[in-house]
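> here are the coordinates; sequence isn't available:
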């Protein structure tokens, strides 16, 4: 594999679009990092960390609530490690990897593969607040829920990752945050942690939910992850653009060398279900360009894109959830990122129509 670097035209367009979404009031500011194996990272910034922080410009070391990127930077790699260790089986029911449940557990019959691929048919609404004060443990309550759909059809559901986040500590005998912390330190991601984090100018705040009240700042934005203390399989991680770039570089290097994490990535790029024209679901990752581009979004305004065969990646970190009504307008930046990273992943003679369809889908995609 010969890594394909980003061109000066690529970075100029990305910088211009990042500046435009900030000027449009979509987010106070943001950072884009793009790079390829063996080449220097290119860091693009715009705007401020937040109005509360004055004119402070975000950097690659600013901490962001990455929301559902938790699924692909914590739960997904830890599941891969558990599979390698023989502690999990992709096609076995998740209830087999949780504390014993007596009696029927319809949602517990969902397989690990189905949970990763969002094809289990579980209840879509994540609302864990409904279980406050319940006598039974959470894994049992979730597993006893009836299915809402026939397994096999794609529906983006965080519940499956919550279950995986409960199974991993049971299998490993250690909490999810400790398991993830050990993985991240091995990869050199020294600024990546589960919520909460100490409030500082280095941490980007998100939404103000009650007028006059403090903004969500240093604690997880996702309600269900907050109920779980900020540590969950679907959300709760804070990271920096630099750490996400480090993670992407490790994934791409492992993919190129055939290391275990890279082989897990390769297996996860196999299509499991169609999302919509131009987009499929692998194991955790959304697939585009015929499976040669993988990506995931976070509700707060974050994204991670990989083109493993081309050895390159692209990271987006914003706190677009600062303006919740404007958050969806980050789509042009995400669409440009997808187009840019996929540009060398398909034949030039057929690239335009395929990527146009994919970008149109991405504008309405809420897989966060």
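Ah, there it is. The structure presented is a predicted model; accordingly, all values stated were derived computationally and were not measured. Residues are numbered from 1 along each chain as shown.
> only C-alpha atoms from now on, for both contacts and neighbour counts.
Fine.
> any regions of the protein where pLDDT drops low?
Scanning the chain for pLDDT under 70 picks out the ranges 344-368.
> any chance you could map the strands in it?
In the chain, strands defined by DSSP state E lie at 29-36, 42-47, 64-65, 193-194, 237-239, 273-276, 279-281, 286-288, 293-298, 302-307, 312-318, listed in chain order.
> can you add mean neighbour count and distance to residue 215 and give the ones you listed back as JSON lines?
JSON lines is the format used below for the strands of the chain (neighbours: other C-alpha atoms under 10 Å; distance: least, C-alpha to C-alpha, whole Å):
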{"stretch": "strand 29-36", "mean neighbour count": "26", "distance to residue 215": "16"}
{"stretch": "strand 42-47", "mean neighbour count": "19", "distance to residue 215": "19"}
{"stretch": "strand 64-65", "mean neighbour count": "32", "distance to residue 215": "13"}
{"stretch": "strand 193-194", "mean neighbour count": "23", "distance to residue 215": "19"}
{"stretch": "strand 237-239", "mean neighbour count": "28", "distance to residue 215": "16"}
{"stretch": "strand 273-276", "mean neighbour count": "17", "distance to residue 215": "34"}
{"stretch": "strand 279-281", "mean neighbour count": "25", "distance to residue 215": "34"}
{"stretch": "strand 286-288", "mean neighbour count": "26", "distance to residue 215": "31"}
{"stretch": "strand 293-298", "mean neighbour count": "24", "distance to residue 215": "19"}
{"stretch": "strand 302-307", "mean neighbour count": "26", "distance to residue 215": "18"}
{"stretch": "strand 312-318", "mean neighbour count": "28", "distance to residue 215": "16"}
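> in CSV: these, plus distance to residue 89.
As requested, the strands of the chain are exported to CSV (distance: least, C-alpha to C-alpha, whole Å):
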stretch, distance to residue 89
strand 29-36, 33
strand 42-47, 39
strand 64-65, 31
strand 193-194, 26
strand 237-239, 26
strand 273-276, 19
strand 279-281, 19
strand 286-288, 22
strand 293-298, 23
strand 302-307, 26
strand 312-318, 29
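> which among those strands is found nearest to residue 204?
Among these, the nearest to residue 204 by C-alpha to C-alpha is strand 64-65 (5.5 Å).
> out of the strands of the chain, which comes closest to residue 114?
Taking C-alpha to C-alpha, strand 273-276 is the member of those nearest to residue 114, at 9.8 Å.
> picking up where we left off before, between the strands of the chain, which one is nearest to residue 230?
Across the strands of the chain, residue 230 has its closest neighbour in strand 193-194 (6.5 Å, C-alpha to C-alpha).
> for that closest one, the distance to its chain's centre please.
With C-alpha atoms, centre = their mean, to the nearest Å as the basis, strand 193-194 stands 14 Å off its chain's centre.
> and what of stretch 49-56?
Stretch 49-56 sits 26 Å away from the centroid of its parent chain (C-alpha atoms, centre = their mean).
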